[in-house]
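**Q** From the sequence below, what's the structure:
(one chain, ligands or ions: 1)
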Amino acid sequence: MTYYFDHNATTPLSAAVLTCVSRVLRECYGNPSSIHSAGQAARQEVELARGHVACLLNAHPSEIVFTSGGTESDNLAVLGAVRLGGAAGKHVVTTAIEHPAVLGACAQVVREGAEVTYLEVGGAGVVNPDAVQRALRPSTMLISVMHANNETGAIQPVAHISEIARTAGVLFHSDGVQAVGRLAANVQALGVDLYSLSAHKLNAPKGAGALFVRKGVKLQALQFGGRHERERRAGTENVPGIAALGCTADQLQQHRAVESQRLAGLRDRLESSILRRVPGVRTNSAGAQRLANTSSLQFDGIQGEALVIALDLAGFAVSSGAACSSGAVEPSHVLLAMGLTRTEARASIRFSLGQGNDEIQVDALADAVVASVARLRKLSPVYEHA
Ligand code: PLP
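**A** Residues are numbered from 1 along each chain as shown. As a prediction, the model looks like this:
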């Protein structure tokens, strides 16, 4: 049996979501665009889910566009905003620690003639709002800064940046994929114009997500062929995935605050146990406000991948660097942007907690980390033993 500590990569389905998805797959097979009752039953599921997602974000249902996940939401926000009226000559401000979904979309708008400024972050992995202010140009039409980082959990000053964006008359997108469900993601308080989320980070299946698009904000669609989602996202809706997202949003609305507190307690228990028992460990983003469930630790003399494999063999799923770049030998771009050396970045491991974890699992993980690190260091030709 594996104890799963990689919830920032993806999450298992909750029991409520599994029940919802099975029911919708069985009973709501109609096409939501069909006018007969089978179609209307499916439409009802989609609109119910839209209401739940809107409620979680404190948005209006008409401001929610369903997508295939976080990557599409980020692409729709960046490409959709910049391409409207042509990308050439436009300027975008983003950060060096964004998820590849935003960085890749930015690289694409550069190929289409736009310019992008990638802001550096401090050692704690947090962007300085003054740097955002200084980067603005008359041609800036979009700022994209994530709400919370997937690797370190560092929470970004989104509400402050949105004030800067509003004053400058610039659109503001935030990637909320890791923040939703873990922080209050109130789009009114945050002041964002565009906000991305993904179902599979929230105990719902892969293949569904949403983009909040503030009323009045215009986007150029990425795909064509139908008038779905108010002409912002063509294609027959993923009804079971959307229903699952709605179900999980409803659950989060009720339980998020209590669950975040529980996870913060478990995360602190894990960190303090490891820091107390293993010499040569540092917490990445220690100086930042962090997501309650995330711990990124740097182990002197360790190759992250070797520790991931050792822990996997011991029955624990954790991650080195972002899940999306796992398998690649390059160290995490996020940790490098924070000023870590390549060796320090490669010596980092991310533990991300979620619904199924408890104190017994956390204590077992800490024991396994202590044992695995000691064994790997003993084998290391370069590690200096005290
Ligand atoms: N943005 C962030 C911050 C993420 O962590 C992820 C996934 O790891 C994504 C976007 C992409 O989301 P999806 O896997 O739903 O495409």
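**Q** can I assume His200 is in contact with Gly69?
**A** Yes: His200 lies in contact with Gly69 (Cβ atoms under 8 Å); the separation is 6.8 Å. Placement of C-beta: from N, CA and C, glycine included.
**Q** any common contacting residues for the two?
**A** Contact criterion Cβ atoms under 8 Å, 6 or more residues apart in numbering; residues bridging His200 and Gly69 by contacting each: 206-208.
**Q** This structure against the ligand: which residues are in contact?
**A** By Cβ under 6 Å from any ligand atom, the residues of the chain that approach the ligand are 69-71, 74, 99, 101, 146, 150, 175, 177-178, 198, 200, 209, 323-324.
**Q** where in this structure is pLDDT low?
**A** Residues of the chain that meet the criterion pLDDT under 70 lie in 322-329, 385-386.
**Q** Please parse it into its domains.
**A** With domains defined by automatic domain parsing, the chain comprises 3-9+256-379, 15-251.
**Q** Could you dump these into TSV with mean neighbour count added?
**A** Below are the domains of the chain laid out as TSV (neighbours: other Cβ atoms under 10 Å):
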stretch	mean neighbour count
domain 3-9+256-379	19
domain 15-251	21
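**Q** where along the stretch 1-150 of the chain do the strands fall?
**A** Assigned by DSSP state E, counting those that start in this stretch, the stretch 1-150 of the chain shows strands spanning 3-4, 64-67, 91-95, 115-119, 140-144.
**Q** nearest to Gly354, of these?
**A** Among the strands of the stretch 1-150 of the chain, the nearest to Gly354 by Cβ to Cβ is strand 3-4 (7.4 Å).
**Q** Listing partners with orientation, what would you give for that closest one?
**A** strand 316-317 (parallel) (DSSP bridges).
**Q** Only C-alpha atoms, please: export stretch 228-243 in CSV.
**A** The C-alpha trace of stretch 228-243 is given here as CSV (Å, rounded to 0.1, in the frame of the first residue of the first chain):
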residue,chain,number,x,y,z
HIS,A,228,-20.8,26.4,-26.3
GLU,A,229,-19.8,28.3,-23.1
ARG,A,230,-21.1,31.6,-24.5
GLU,A,231,-18.8,31.2,-27.5
ARG,A,232,-15.7,31.1,-25.4
ARG,A,233,-15.0,27.4,-25.6
ALA,A,234,-16.4,25.3,-28.5
GLY,A,235,-17.0,21.6,-28.0
THR,A,236,-19.5,19.3,-26.4
GLU,A,237,-19.1,19.7,-22.6
ASN,A,238,-17.4,17.0,-20.5
VAL,A,239,-20.6,16.5,-18.5
PRO,A,240,-19.3,13.9,-15.9
GLY,A,241,-16.0,15.9,-15.4
ILE,A,242,-17.9,19.2,-15.0
ALA,A,243,-20.4,17.6,-12.6
